[in-house]
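A.B. asks: curious how this folds, go ahead:
(2 chains)
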Amino acid sequence: MTEKNNAPLTGSNRVKRGLAEQLKGGVIMDVVNAEQARIAEDAGAIAVMALERVPADIRAQGGVARMSDPDLIEGIQAAVKIPVMAKARIGHFVEAQVLAELKVDFIDESEVLSPADYVNHIDKWAFDVPFVCGATNLGEALRRINEGAAMIRSKGEAGTGDVSEATKHIRKINSELRWLSSMAKDELYVAAKELQAPYDLVVEVAAAGKLPVPMFTAGGVATPADAAMMLQLGADGVFVGSGIFKSGDPAARAKAIVKAAAFYDDPKVIVETSRGLGEAMVGINVADIPAPHRLADRGW
Amino acid sequence: MAGNFHHLRIGVLAFQGDVREHILVLEELGAQVVKVRRPDELATVDALVIPGGESSVMDKLVRLFGMQKPLREAIASGLPVFGTCAGLIMMADHIVDAIAEQESLGGLHVDVRRNAFGTQIDSFEVDLDMPGVTSEPVPATFIRAPIVERVGEGVRVISQLADGRIVAVEQGYLLGISFHPEVNGDTRVHEYFLGRVAQSVAEKKASI
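C.D. replies: Just a heads-up that it's a prediction; the model follows:
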């Protein structure tokens, strides 16, 4: 008996952020059924995101996009041993309760689904399951962390295969982090006001020079070189949504992106991983999407 | 009580996982730290840390990049290795409930069950005694953690949960634990390991 008399503590901040730390350097892949989940696991996905339609299809088909059917999520949980994530609508705390009840490993409060609340996000402190939330800038990231997010995902523009928005968002967050780190202590009050973020968190981040939780990148990542670029820009890992299973050879592309993420700083490896992958997803240029249909604008 | 570790060159296997947290703790203790992804990097280090992460992904990348054989040879030749969570799984001779075709490096004579507690909702933190490592309890964070189900010859049990499940073991210069002192920023387990590495380096010098 070497354990102290303290009871094991579940659902703590450290336990939730702890899982996010373990996923770093990895590739999280969107899957819509058990077969895709197994392909992702075989290819070396660090986790899978269980959903009914990948963002490219949500975009094409339109309508209200919601949490997936519990049967679909359980089917994917049964098929793989790596962590399983699932998406709830922004502000839809009951979808989050359902996902927690299903014991998913991570909940993505995602702008890819139709928002359920145009004012409030989910109070993520109320859950033992960790959450990841999207952000397009530092203030948005800090507001989500203040609500309890254990991971931040720069948004990009999901379902396009166009990486330009992902680049814009991660560069924006990083440049705001550098700006914040350069400020004098007595300037941080105004910085907090400008970022619309809590002062204590602003002070913590200014001192650390980085977010207190891992930051992944998402939205439009479709090739090994895209993934490697996001990691060179400072992302801790990548989400690949439509990019894999909307391509010509999903298994090969999934493997190649995993390899590229591990050797993101070695162009020789990126050359090898880029060969013979067949067709990438067709893609839509973000500039061609009218503003009301841009998913990254959801969330506040 | 902290030793002088400036002469030690510690590699951290850097394919995936909480590499950064291990590096921070090792640097705080004064060691030189290098990321290891290639055989030539492995050849330069006095010891290796295998971080937490997803063991099946680490295994795939280790094999894809031709590191399985060099790592197995290094462990067989007596390189000190410290693994946390996925690192413990990588070091185990046998993995229980492995992912299809998952292989470990082996060397540590234990059977380890991966993800032994359930899903993330069952992850937890608790204070643990680690006799022989440190006198005060260590804050231990278990994230979808493995446990040691069987210990073989020459393996010493360092720590157990209240129900007796084994969560830290040592065999010669191999140290494997189920949890993550690095995510707490606690330096004591790493300090103990660096002490062992210093012994190993001194022994090697003496035998030349």
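
A.B. asks: give me the number of residues near residue 102?
C.D. replies: Going with chain A. Residues lying near residue A:102 (other CB atoms under 10 Å in any protein chain shown) number 20. All C-beta atoms are positioned from the backbone trio N, CA, C, and that covers glycine.

A.B. asks: you looked at the wrong chain, it should be chain B
C.D. replies: Neighbour count for residue B:102, taken as other CB under 10 Å: 18.

A.B. asks: now residue A:134
C.D. replies: Residues near residue A:134, counting by other CB under 10 Å, number 29.

A.B. asks: with adjacent residues omitted, what lies nearest to it?
C.D. replies: Distances taken as CB to CB, 6 or more residues apart in numbering or on different chains place residue A:155 nearest to residue A:134, at 4.1 Å, with adjacent residues excluded.

A.B. asks: mind checking how far stretch B:112-123 is from the chain centre?
C.D. replies: In this view, stretch B:112-123 has its centroid 18 Å away from the chain centroid, taken as CA atoms, centre = their mean, to the nearest Å.

A.B. asks: what does it contact?
C.D. replies: Outside stretch B:112-123, the residues within contact range by CB atoms under 8 Å, 6 or more residues apart in numbering or on different chains are A:10-11, A:15, A:18-19, A:81, A:83, A:100, A:103-106, A:128-130, B:55, B:88-89, B:92, B:94-99, B:124, B:141-149, B:165, B:176.

A.B. asks: the longest helix belonging to chain A and chain B in contact?
C.D. replies: The longest helix of chain A (DSSP state H) is helix A:164-181. No - no part of helix A:164-181 sits close enough to chain B to count as contact by CB under 8 Å from any CB of the partner chain; the gap is at least 15.6 Å.

A.B. asks: point me to the residue of the stretch 151-300 of chain A nearest chain B.
C.D. replies: When CB to the nearest CB is the measure, the stretch 151-300 of chain A has its nearest residue to chain B at residue A:262, with 5.0 Å between them.

A.B. asks: and the pLDDT at that residue?
C.D. replies: Among the per-residue scores, residue A:262 shows a pLDDT of 95.

A.B. asks: cool, residue A:6 as well?
C.D. replies: Predicted confidence (pLDDT) for residue A:6: 72.

A.B. asks: who's in contact with it?
C.D. replies: Residues in contact with residue A:6, defined by CB under 8 Å, 6+ apart, are B:126-127.

A.B. asks: also residue A:272?
C.D. replies: Counting by CB under 8 Å, 6+ apart, the residues that residue A:272 touches are residue A:259.

A.B. asks: and whichever helix or strand it is part of, average pLDDT?
C.D. replies: Take DSSP states H and E as the rule and residue A:272 turns out to sit in helix A:267-274. When the per-residue pLDDT values of helix A:267-274 are averaged, the result is 96.

A.B. asks: over to stretch A:82-93?
C.D. replies: Averaging pLDDT along stretch A:82-93 yields 98.

A.B. asks: restricting to C-alpha, output it in CSV.
C.D. replies: Included here for stretch A:82-93 are C-alpha records, laid out as CSV according to Å, rounded to 0.1, in the frame of the first residue of the first chain:
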residue,chain,number,x,y,z
ILE,A,82,-7.2,5.2,-30.0
PRO,A,83,-9.1,8.2,-28.4
VAL,A,84,-12.4,9.0,-30.0
MET,A,85,-13.6,12.6,-30.2
ALA,A,86,-17.0,13.9,-31.2
LYS,A,87,-18.6,17.3,-32.1
ALA,A,88,-21.3,19.2,-30.3
ARG,A,89,-22.8,22.4,-31.6
ILE,A,90,-21.6,25.7,-30.2
GLY,A,91,-23.5,26.4,-27.0
HIS,A,92,-25.4,23.0,-27.1
PHE,A,93,-24.6,21.8,-23.6
